[in-house]
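K.L.:
A structural model of the following input is requested.
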Amino acid sequence: MTSSKCALCEVIITQDNDTKEHVIPNSIGGRKKVKGFICKVCNSLSGDKWESELAKQLNPLCLLFAINRERGSVPSQLFETTAEYKLKLNVDGSMANEKPIYSEIPLDDSRVKINIHARDEKEAKSILKGVKKKYPKFDIDEALDRLRIQDSYCPAMLKMNFSLGGPDAGRSMVKSALALAAYSGIPAYSCLFL
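P.N.:
Next up is the predicted model:
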């Protein structure tokens, strides 16, 4: 049996202010929910502040383990590699450069070799249009014919520093523990230490 008061503000839970609280925050993959535990106001405020901080801290693990959420997907995150360049890790396990790579190598007085590493074909075409503006004699159709799409393996390791804690993430973890107790039929107030 759950408490009839909000576990955070102790307002009486009614049909109008009751919510389905995730036992484990949705942002890190939680599915189980409990009713009669927390009011709408506290659920909204704690979600915006506490759960978002915990989600931010656990985002690298969510990406590595391809955590599925009920609402929204895990956001991509930028990581530095041991080779000192930056890659964006996506929830599907794919990686992409932080930004496109563009270089010009002079071959002689009238010719330049241009190398482009774009994240997708659309970005490559956009860059080629910029090259055409800079070099009006540039044959964009020939360049598009020579365009090669290829995937490559990142030879360097991703640097990941994990830290977990702080006031807001800690509050989220305590709230999850209380929600688990309520889900199991233990009133939140019986978990308080005096």
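K.L.:
Show me how the chain divides into domains.
P.N.:
Listed by automatic domain parsing, the domain ranges of the chain are 21-72+161-191, 99-146.
K.L.:
Geometric centre of the protein: which residue is closest?
P.N.:
The residue lying closest to the centre of the chain (C-alpha atoms, centre = their mean) is P75, at 2.3 Å.
K.L.:
that older thread, now the domains of the chain in JSON lines, with mean pLDDT?
P.N.:
Shown next, in JSON lines, are the domains of the chain (pLDDT from 0 to 100):
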{"stretch": "domain 21-72+161-191", "mean pLDDT": "90"}
{"stretch": "domain 99-146", "mean pLDDT": "89"}
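K.L.:
of those, which approaches G93 most closely?
P.N.:
Minimum separation from G93 across the domains of the chain (C-beta to C-beta) falls at domain 21-72+161-191, 6.7 Å. All C-beta atoms are positioned from the backbone trio N, CA, C, and that covers glycine.
K.L.:
So what does the residue lying closest to K159 once chain neighbours are set aside have for phi and psi?
P.N.:
The shortest distance from K159 to any non-neighbouring residue, by C-beta to C-beta, 6 or more residues apart in numbering, is to E80 (5.0 Å). Taking degrees, to the nearest 10, you get phi -90, psi 150 for the backbone angles of E80.
K.L.:
Could you check how many residues crowd around D16?
P.N.:
Other residues within reach of D16, judged by other C-beta atoms under 10 Å, total 7.
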